[in-house]
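Asker: need a structure here:
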Amino acid sequence: MRRLRQSGLIVLFGAAGLASTRAQWGAATPVKTGPKLSPPQAFPPPGDFPTTESVTLLPPEPGVSVHYTFDGSLPTETSPTYNPLDVLFVTGFYEGEKGVQAHYTIRAVAIADGHQDSDPATFQYTISRRDRDSYVVEELRTGVRMIRDSDNDKMFLVVGAKRCVLIDTGMGHGRLKEQVKKFTKGRPLDVLLTHNHPDHIGQVNEFLADTRAYIADADRPGAVRYLKHLGVPDALLAQNLLPLRDGDRFDLGDRVLTVYATPGHTPGSVVILDEKTGDLFTGDSFGSNSPTIPDALWLQWTQTPLDEYLAVVKRARFETRGRVKAILTGHNDHPLLGDAYLDHLEGALQQLMDQGDDCLVPSYRPAGLQQVVIGNRMTDPNWVAINVNKQKYLPAPVNKIAGLVFLNADEGPLDQVFSPSTHDYSMTIRPGVDTLHLTAIATSSRYGALTVNGTRAKSGEPLAIPLEGSPGTLAIAVTSHDGTQHATYFLTLTRG
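Answerer: Numbering: from 1, shown residues only. The predicted structure follows:
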């Protein structure tokens, strides 16, 4: 080996040529060999967005780490390593009531042992906040308009032949009532509120002077507190903030909107079905699964085990019976596909009942929580994520769950809405019925046994029960997977 020294530059040559170079004092940089990695990618792709978003950096293949910078400088292996359990937020800003533009440049490189580093990838994002008093109105279909406020909260105006309904009022700072009047054609207006969170009731105060607004009783106290803070007098709240109840129907002339109670996100949450179009307006009860924030169904506050919410979903699906074509949520930019999304939602809840903690993964938002996920948010627009209250979401350890989430007979309605925690029901059978077709669904698909008056039944399949003389009472018994826990539901039958 020959050594050449020139002005502090040391170059070592061997039989194979250049071995190492020391251009400055310090350790030499090894020359990497092997195949060259492809650059990382980013989700969502670079672009212009109206509100705060998040960026996920994607390695070109498994086992490859991604190093990135947020200041536009060239990333190296000493730059921060991207954690795939995190997202990088690109934030929107206001200056007072004015929205401002914020520009972000993220650069990333893929690095792995045995490979040459990838070329650096550059991702540029712009967040263009709208002014707080601005709105964007989009006609989704004839008679249905989506209204977005400056924070991209969604409201929906349904215009009928005789009346109109505004579903939710967002949280903007503008003149929402003036915007709505542009499209109501002078027809009377009602306001329906899916629940009481400020981003859904934030501007209902504009309407209460001469418009009736409706909210479920369980959510009314929270709404009243918020609206009194905005200066709405008690007398006006008593006069024009009215109860919204399960089964309420709003006839708009050429279409009817039907209300279904869906407690879960809040105790008084509802969804609203347009019987004409199959649009289901859900607020935050179902949906709100924006893939880029990324968002989730927020059930982390509920103190009620989620078998109750699974029963709510099953009942809503039974009541609507495949009529839901599209789901319009409070936070999705585009409608979701009815059955595809609801299948995922029901499947995610069933996973919780069957697998418990084994199916939980860390939540992106808020960080520190746990959630269940079905579907890929980057490829499936109908994906589902549900944040859970880790201490409260199960009714019992998964092997010891004994309960039902659905009970129904074709020959008559139950005397009350079914709930897993209520075990006594009655039913008036229609005249002339000699056979009852009873369907019971066990909370856990891993249940040990299900019987009706001692006759073995199968979860989710109708059981034909002959009725002779006075029908009496049916005992529906379910046993846990490990056989140690039992629950019995009673259905008392009378003839009409």
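Asker: So which residues make contact with stretch 472-481?
Answerer: Contact partners of stretch 472-481, identified using C-beta atoms under 8 Å, 6 or more residues apart in numbering, comprise 396, 398-404, 407, 436, 438, 440, 442-444, 446-453, 457, 465, 485-493. (Each C-beta comes from the backbone N, C-alpha and C, glycine too.)
Asker: Could you pull up the mean pLDDT of it?
Answerer: Averaging the model's pLDDT scores along stretch 472-481 yields 96.
Asker: Just the buried positions in that stretch, please.
Answerer: Within stretch 472-481, the residues that qualify as buried by neighbour count (16 or more other C-beta atoms under 10 Å) are 474, 476-481.
Asker: And for stretch 453-469?
Answerer: Of the residues in stretch 453-469, those with enough neighbours to count as buried (16+ other C-beta under 10 Å) are 457, 459, 463, 465.
Asker: Now do the contacts for the third one.
Answerer: Applying C-beta under 8 Å, 6+ apart, we find residue 463 in contact with 437-440, 452, 455, 457.
Asker: Please list only the buried members of these.
Answerer: Buried by 16+ other C-beta under 10 Å: 438-440, 452, 457, out of the contacts of residue 463.
Asker: hmm, which two among those residues are most spread apart?
Answerer: Using C-beta to C-beta, the two most remote members of the buried ones among the contacts of residue 463 are 439 and 452, lying 10.3 Å apart.
Asker: how about low-confidence regions in this structure?
Answerer: Regions of the chain meeting the criterion pLDDT under 70 cover residues 1-29.
Asker: if we can go back for a sec, columns distance to residue 367 and secondary structure on top of the contacts of residue 463, output as JSON lines?
Answerer: Formatted as JSON lines, the contacts of residue 463 follow (distance: C-beta to C-beta, whole Å; DSSP: H, G, I helix; E, B strand; the rest coil):
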{"residue": "437", "distance to residue 367": "48", "secondary structure": "strand"}
{"residue": "438", "distance to residue 367": "45", "secondary structure": "strand"}
{"residue": "439", "distance to residue 367": "41", "secondary structure": "strand"}
{"residue": "440", "distance to residue 367": "40", "secondary structure": "strand"}
{"residue": "452", "distance to residue 367": "46", "secondary structure": "strand"}
{"residue": "455", "distance to residue 367": "50", "secondary structure": "strand"}
{"residue": "457", "distance to residue 367": "44", "secondary structure": "coil"}
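Asker: Distance to residue 294 for the buried residues of stretch 472-481 - can I get that in a markdown table?
Answerer: A markdown table is the format used below for the buried residues of stretch 472-481 (distance: C-beta to C-beta, whole Å):
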| residue | distance to residue 294 |
| --- | --- |
| 474 | 45 |
| 476 | 40 |
| 477 | 42 |
| 478 | 36 |
| 479 | 39 |
| 480 | 35 |
| 481 | 33 |
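Asker: Turn these into CSV, columns for distance to residue 236 and secondary structure.
Answerer: Formatted as CSV, the entries for the buried residues of stretch 472-481 read as follows, by distance: C-beta to C-beta, whole Å; three-state DSSP:
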residue, distance to residue 236, secondary structure
474, 50, strand
476, 48, strand
477, 52, strand
478, 49, strand
479, 54, strand
480, 52, coil
481, 54, coil
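Asker: Could you point out the member of those that lies closest to residue 78?
Answerer: Here the nearest of the buried residues of stretch 472-481 to residue 78, counting by C-beta to C-beta, is residue 481; it sits at 51.3 Å.
Asker: For that closest one, give me phi and psi.
Answerer: When quoted as degrees, to the nearest 10, the phi and psi of residue 481 stand at phi -60, psi -40.
Asker: measure it to residue 307 for me?
Answerer: Plainly put, residue 481 is 14 Å away from residue 307 if you go by C-beta to C-beta, to the nearest Å.
Asker: could you pull out the strands for the stretch 301-450 of the chain?
Answerer: Listed in chain order, the strands found in the stretch 301-450 of the chain under DSSP state E, counting those that start in this stretch are 326-329, 336-337, 361-362, 370-374, 384-388, 404-409, 424-429, 435-442, 449-452.
Asker: now the longest one and strand 404-409, what's the angle there?
Answerer: Going back to what we said before, that points to strand 435-442. With axes from the mean of the first three to the mean of the last three C-alpha atoms, to 10 degrees as the criterion, the two stretches strand 435-442 and strand 404-409 enclose an angle of 170 degrees.
Asker: count of neighbours near the closest residue to residue 179 other than its chain neighbours?
Answerer: Residue nearest to residue 179 in three dimensions, not counting chain neighbours: residue 135, with 5.0 Å by C-beta to C-beta, 6 or more residues apart in numbering. Using other C-beta atoms under 10 Å as the criterion, residue 135 is surrounded by 19 other residues.
Asker: Equivalent analysis for residue 494, please.
Answerer: Other residues near residue 494 come to 12 when the count uses other C-beta under 10 Å.
Asker: same question, residue 100
Answerer: By the criterion of other C-beta under 10 Å, residue 100 has 13 neighbours.
Asker: One more: residue 424?
Answerer: When neighbours are defined as other C-beta under 10 Å, residue 424 has 12 of them.
Asker: I figured it hits residue 490, correct?
Answerer: Yes: with contact taken as C-beta atoms under 8 Å, residue 424 and residue 490 are classed as touching, separated by 5.1 Å.
Asker: got the residue ranges for the helices in the chain?
Answerer: For the chain, helices defined by DSSP state H occupy the ranges 176-181, 198-201, 220-229, 234-240, 307-320, 338-355.
Asker: how near is the nearest residue to residue 301 once chain neighbours are set aside to residue 304?
Answerer: Take residue 301 and drop its neighbours on the chain: the residue closest to it by C-beta to C-beta, 6+ apart is residue 389, 6.9 Å away. Distance of residue 389 to residue 304, computed by C-beta to C-beta: 9 Å.
Asker: With residue 108 instead?
Answerer: Remark: distance between residue 108 and residue 304 (C-beta to C-beta) = 43 Å.
Asker: Same drill for the two, tell me which one is more crowded.
Answerer: The neighbour comparison of residue 108 against residue 304 (other C-beta under 10 Å) goes to residue 108, with 25 against 18.
Asker: if we can go back for a sec, as TSV, the buried residues of stretch 453-469 with distance to residue 221 would be great.
Answerer: Written out in TSV, the entries for the buried residues of stretch 453-469 read as follows (distance: C-beta to C-beta, whole Å):
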residue	distance to residue 221
457	41
459	38
463	42
465	43
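Asker: Please list all residues in contact with the residue most central in space within the chain.
Answerer: For the chain, the residue lying nearest the average C-alpha position, counting by C-alpha atoms, centre = their mean, turns out to be residue 297 (3.2 Å). Listed by C-beta under 8 Å, 6+ apart, the contact set of residue 297 reads 265, 284, 286-289, 345, 384-387.
Asker: still on that earlier bit, want to throw the contacts of residue 463 into JSON lines with distance to residue 40?
Answerer: JSON lines is the format used below for the contacts of residue 463 (distance: C-beta to C-beta, whole Å):
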{"residue": "437", "distance to residue 40": "57"}
{"residue": "438", "distance to residue 40": "56"}
{"residue": "439", "distance to residue 40": "50"}
{"residue": "440", "distance to residue 40": "51"}
{"residue": "452", "distance to residue 40": "57"}
{"residue": "455", "distance to residue 40": "60"}
{"residue": "457", "distance to residue 40": "53"}
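Asker: Thank you kindly, that will do.
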